[in-house]
Every structure is written in C-alpha cells, then in structure tokens.
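>>> Can you look at this prediction? I've put the sequence above it.
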Amino acid sequence: MAEGGFVRLPDGSVVVALALPRPGAPGRAVRVLVHAANRSRALTRLRNLGLRSVYLRGNGAPPTPDEISAVLHHPEGVVWRPAPCHATEGWHPMAHLLRGRPTAA
C-alpha cells in the first residue's frame, strides 16, 4: 500500500499504521492503526476483517506517539480515521468503517 509503517513497543508488541482506500468510497483514504503481537499478526487482523489486499512495505509513515496512544487505549486495538484528517477528527472503531459491507464467511 502507499503509506505505512510500524513501531515496536517495549513489551515486544507492535503498532502498525496503514493508509488504505476507504471501502465503498473510491478516491478516499483512511489511516488505520492496529496493535498486535507482531507485524504479520497485525496484517492478519485486518485481512480477517475483510480488508484483503493489505500489505506493509517499508516504514515510511510509522505511527506517531498520539496514534500509538489512541490504539493502545481502544479495547479492540484497531481504529481508523479519514486521511488526511482534521485536527478535531477523532479515531473510530473498525465497525464504523466496515458497516454495511458484507462480512467474510
């Protein structure tokens, strides 16, 4: 994908940030953050949610400290917001992004 990166946390887990096309809205992007045990598990979590073509190549846009804090404080460990975002835009749970899409069987 276009922009993405990761940060390894002191406990060994990672926070992965990716810019993805918004489902159902061509031409619009979202910034997705995932907290997981490792990079491959983070990508697997997104694929299991129905975002099939998710890849992380390089570390050009790692998550900022504010983004890390946002995903660590979310109970599901997966959040998103529109990209580029406004300073007042908050983070949303993945269910809001995927609402109305058919779930993978």
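Done, it's in.

>>> what's the closest non-adjacent residue to residue 4?
Of all residues not flanking residue 4 in the chain, residue 18 sits nearest, at 4.1 Å (C-beta to C-beta, 6 or more residues apart in numbering). Glycine gets a C-beta too; all of them are placed from N, C-alpha and C.

>>> What is the helix or strand containing the one you found packed up against?
According to DSSP states H and E, residue 18 maps onto strand 14-21. Applying 3 or more C-beta pairs under 8 Å, 6 or more residues apart in numbering; DSSP states H and E, we find strand 14-21 packed against strand 4-8, strand 29-36, helix 39-48, helix 65-72.

>>> And the contacts of that strand?
Applying C-beta atoms under 8 Å, 6 or more residues apart in numbering, the contact partners of strand 14-21 are 1-9, 27-39, 42-43, 46, 51, 54, 56, 61-63, 67-68, 71-72, 83.

>>> cool, stretch 52-71 as well?
In this structure, residues lying in contact with stretch 52-71 by C-beta under 8 Å, 6+ apart are 1, 3-7, 9, 15-20, 31, 33-35, 39, 43, 46-47, 77-79, 91.

>>> Now do the end-to-end distance for that stretch.
Distance between the boundary residues of stretch 52-71 (C-alpha to C-alpha, to the nearest Å) amounts to 21 Å.

>>> Just the buried positions in it, please.
Buried positions in stretch 52-71, judged by neighbour count with 16 or more other C-beta atoms under 10 Å: 54, 56, 61-63, 67-68, 70-71.
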